[in-house]
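S.K.: Sequence and predicted structure, then a few things I'm wondering about:
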Number of protein chains: 2
Amino acid sequence: MNDRLTPAGIQRELPAELLERLTARFGDALSTARAVREQHGRDESPFDVEPPSAVVFCSSTEDVADAVRLCAAHAMPVIAFGAGSSLEGQLLAVQGGVSLDLTRMNRVLEVAADDMLATVQAGVTRLQLNDELRHSGLFFPIDPGADATLGGMSATRASGTNAVRYGTMRENVLALTVVLADGQVVRTGTRARKSSAGYDLTRLFIGSEGTLGIITEITVRLHPQPQAVAAAVCSFPDVASAVDCTIELIQAAVPIARCELMDANAVRAVNAHDALGLPEQPLLLMEFHGSPSGVREQAQTTQEIATGYGGSDFAWADTPEERSRLWKARHHTYLSALQTRPGCRCVTTDTCVPISRLAESINDTVAEADAAGLPYFIVGHVGDGNFHVGFLIDPKQPAERDLAERLNASLVRRALRLGGTCTGEHGVGLHKQEFLREEAGDQAIGLMRALKQALDPAGILNPGKIFR
Amino acid sequence: MNDRLTPAGIQRELPAELLERLTARFGDALSTARAVREQHGRDESPFDVEPPSAVVFCSSTEDVADAVRLCAAHAMPVIAFGAGSSLEGQLLAVQGGVSLDLTRMNRVLEVAADDMLATVQAGVTRLQLNDELRHSGLFFPIDPGADATLGGMSATRASGTNAVRYGTMRENVLALTVVLADGQVVRTGTRARKSSAGYDLTRLFIGSEGTLGIITEITVRLHPQPQAVAAAVCSFPDVASAVDCTIELIQAAVPIARCELMDANAVRAVNAHDALGLPEQPLLLMEFHGSPSGVREQAQTTQEIATGYGGSDFAWADTPEERSRLWKARHHTYLSALQTRPGCRCVTTDTCVPISRLAESINDTVAEADAAGLPYFIVGHVGDGNFHVGFLIDPKQPAERDLAERLNASLVRRALRLGGTCTGEHGVGLHKQEFLREEAGDQAIGLMRALKQALDPAGILNPGKIFR
């Protein structure tokens, strides 16, 4: 892996002088122990890369700024580390360097309930934030599968099951504190809900995967907990019917909060893992938010539309406990699926297409995956046109990884032909650089490179990611 | 004005050679007539600046690219021109240059109803787009006061009365075609509703006021026309009560689509202009979108909350004609107010604050404006925390402009102290550069300058705007 991602004028090995300075500044918060480095040298991607040379456990923006400044003086790469749940190799030290672990930056700095916003340190996770909001009447809706940190979610422009109604990190971040490549600290944005004050620096960093700056604090929008919530599961004869049902729901302006597809393989996996006893056929898992009568109305319209597409076994989860059980199972799909093939690793796809092309996109994908014979499952945030195929590969069989990559390439190119994107929410990392080039074109890549060059001329911020 | 905005290495006068080349390329679509240049040398701001040296009427992205390329070869500034409705001097040729008039680029290129998106040329106006969408079941919600072009609205990150529910240009643009400083054409974004594919180039250009590139095509999200719509006017004893009512509506998660404040002065102006006969006291003009029962429920909750704040004379506009009459009057406020003082010009403020600080912000502003004795009116997108004071000044009395600017400065600094922004939707232009610096800080301004330098090293794209 490292061979094809060769460094360019960047230090690979930690110079003794830098190690001395980092030790002087960080003491016990610096580690070069093999086990610690290895823990910071892998994520949920299927890549194997040498671990970083050292790990600094940062407790504050100042810690991050000092670590970056010291590393910058030695042209040593710095890579932020949160929950370690990135799926595309974003945190891997492909050009060596120092991992900055931000998990000690886990304080919710402020909840301003009246203004429906919160400011958190980058290491706060989404579940932690929602736990702290429990009694505020508010919640933070963005929910990638993992209990990711808000710093990592910002850096990858994450979304999740609520995006169809509440948007992604792009729409839900008001302001950031960011450490730049020279150790300067910049604050972007204000507490106002909207602004036309100059360039949108906040959006510049959202989705930049740690290559333009290291996000240390995030001010996010919160949303009122809905008065009433109802969740429902509805089974369909095939994936296409479930998708067509979703398209009609969106076009009928049903303000559905969550609309998740699981194929029969995904249902089988969560049934085994969480003993759910769901019919093992494709299903939509839906949630409705609003006033009690509004939720009733949405549910009724949905049931009518679903019935028209052969939807059956419409089951309601009325209590918070039942709902929580269903959504936990949905969020466990990835882990549940891994357990269906012991020792396997997962190659995950992440295309997002215009909704009118979603059925075609998924159908062709299913046909190719079935023909290939590799175990797989599909889950999808289908209200957004975004779905994931997880190919379960035996890491000891290079042919299986190659096959999964070929299937992924075919799926991505189909998405691009249909006007879609190679990644809806996982980011580019190591894995989608060529697809990004095909999607964005040489001019846009040139522009991205110009931005990178302007903000990180020495190339020390997470080098080798997004583009080379 | 020009004196304090001196050029830096930029051509002021149109060289004969450039004029020749532009004439050869554009023929009749190039004009140097004084009247044409003057029309392209003023906007709705109160600034007087020498007009541009020439105007090129562009009909295509290629026209724009060629014009930029020719001007770039002579380090001659280029400034895009749409409806001419900018409020902060964005289109003024403060360093000379060529105005690129995009109003002939007025084609709606595609309406993809199934995917709820449209692609338009930059000169299409918001009313034109909605007119073309009339029978599609969809609409485009962003509505600044003027019938602005979508190019201009993108470049200033505009919003309007629907932003509280539907977002601003930031949230509603999926993709752009942009001509860069060297004449290269870049396409940003795809037709997918969300993406994590690399840097957010779309958001980089949204709000950049023509200083990073010239937007020539825009792909926007459309929204389903609501099944039911109801509008209502409710009068309040004072501005504070109307604002407090709004805050409670937002915090109660009423999904209100529009919530506009008008003070008694604004009501008087529209009464005179549109013969509305509204009680001449502060009012909220509200609109509710949803299913018929959803709208009834929102309206009922709103009426209950409003009554608690002394809201009275709750009047419903049930027919499309009545609603249209009310909203047209609201959009005419600016022109109506200008007519209350013949010959006056308007200095418009545009702060946006966190909603909990809105009442305080408006109350202190009213007290200062009343004490100053200058005629003024207030309108506000109060659901977003954004409001405008229009000071009606006699342009022949420099003391009045100075007074208006002092009142504006005080109002902006109050907004910044309260965690807000100097501009919610009008942009920075010429007028708010110092406020932007105070708001964003030197680090953030340094970052913006680095971006400008990376994308427009010769400084030919609308120079002298946002920062110097």
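M.R.: Cool, the structure landed.
S.K.: For A:Gly96, give its distance to chain B.
M.R.: A:Gly96 is 24 Å from chain B, where distance means C-beta to the nearest C-beta, to the nearest Å. Every C-beta, even on glycine, is put in place using the N, C-alpha and C of the backbone.
S.K.: Does A:Val55 belong to a helix, a strand or coil?
M.R.: With DSSP: H, G, I helix; E, B strand; the rest coil as the basis, A:Val55 sits in strand.
S.K.: Write out the residues of the stretch 1-150 of chain A neighbouring chain B.
M.R.: A:Ala112, A:Asp114, A:Asp115, A:Met116, A:Leu117 (C-beta under 8 Å from any C-beta of the partner chain).
S.K.: Pull the most distant pair out of these.
M.R.: Spatial extent of the residues of the stretch 1-150 of chain A next to chain B (C-beta to C-beta) is set by the pair A:Asp114 and A:Leu117 at 9.3 Å.
S.K.: Overlap in contacts, those two.
M.R.: Common neighbours of A:Asp114 and A:Leu117, using C-beta atoms under 8 Å, 6 or more residues apart in numbering or on different chains, are B:Pro354.
S.K.: And chain B, is stretch A:258-265 touching that?
M.R.: No. Judged by C-beta under 8 Å from any C-beta, stretch A:258-265 stays clear of chain B, getting no closer than 12.8 Å.
S.K.: In that stretch, which residues are buried?
M.R.: Within stretch A:258-265, the residues scored as buried using 16 or more other C-beta atoms under 10 Å in any protein chain shown are A:Arg258, A:Cys259, A:Glu260, A:Leu261, A:Met262, A:Asp263, A:Ala264, A:Asn265.
S.K.: And the strands in the stretch 201-350 of chain A?
M.R.: With DSSP state E, counting those that start in this stretch, the ranges of strands along the stretch 201-350 of chain A come out as A:214-221, A:223-224, A:228-235, A:258-262, A:283-290, A:312-317, A:345-348.
S.K.: got the end-to-end distance for stretch A:417-436?
M.R.: 13 Å (C-alpha to C-alpha, to the nearest Å).
S.K.: out of the buried residues of stretch A:258-265, which one sits closest to chain B?
M.R.: Using C-beta to the nearest C-beta, A:Cys259 comes nearest to chain B of these, at 12.8 Å.
S.K.: Quick one: residues contacting the nearest residue to the closest one once chain neighbours are set aside.
M.R.: If the residues on either side of it in the chain are set aside, A:Cys259 comes closest to A:Gly383, at 3.9 Å by C-beta to C-beta, 6 or more residues apart in numbering or on different chains. By C-beta under 8 Å, 6+ apart, the residues touching A:Gly383 are A:Ala163, A:Val164, A:Thr246, A:Leu249, A:Ile250, A:Ile256, A:Arg258, A:Cys259, A:Ile355.
S.K.: okay, who's weakest in these by pLDDT?
M.R.: On pLDDT alone, A:Ile250 ranks lowest of the contacts of A:Gly383, at 89.
S.K.: Was I right to think that residue contacts A:Leu358?
M.R.: No. The pair A:Ile250 / A:Leu358 is not scored as a contact, 9.9 Å apart, by C-beta atoms under 8 Å.
S.K.: The two - which one has more neighbours?
M.R.: Counted by other C-beta atoms under 10 Å in any protein chain shown, A:Ile250 and A:Leu358 do not tie: A:Leu358 has more neighbours, with 30 against 23.
S.K.: The more buried one belongs to a helix, doesn't it?
M.R.: Yes. Judged by three-state DSSP, A:Leu358 forms part of a helix.
S.K.: Verify the contact between it and A:Ile378 for me.
M.R.: No. Using C-beta under 8 Å, A:Leu358 is not in contact with A:Ile378; the gap is 11.8 Å.
S.K.: for chain A, longest helix please?
M.R.: In chain A, with assignment by DSSP state H, the single longest helix is helix A:433-455.
S.K.: so where do the strands sit in the stretch 1-150 of chain A?
M.R.: Under DSSP E, counting those that start in this stretch, the stretch 1-150 of chain A gives strands at A:30-31, A:54-57, A:78-81, A:98-101, A:108-112, A:117-121, A:138-139.
S.K.: what mean pLDDT does the second one have?
M.R.: Think strand A:54-57. The predicted model assigns strand A:54-57 a mean pLDDT of 98.
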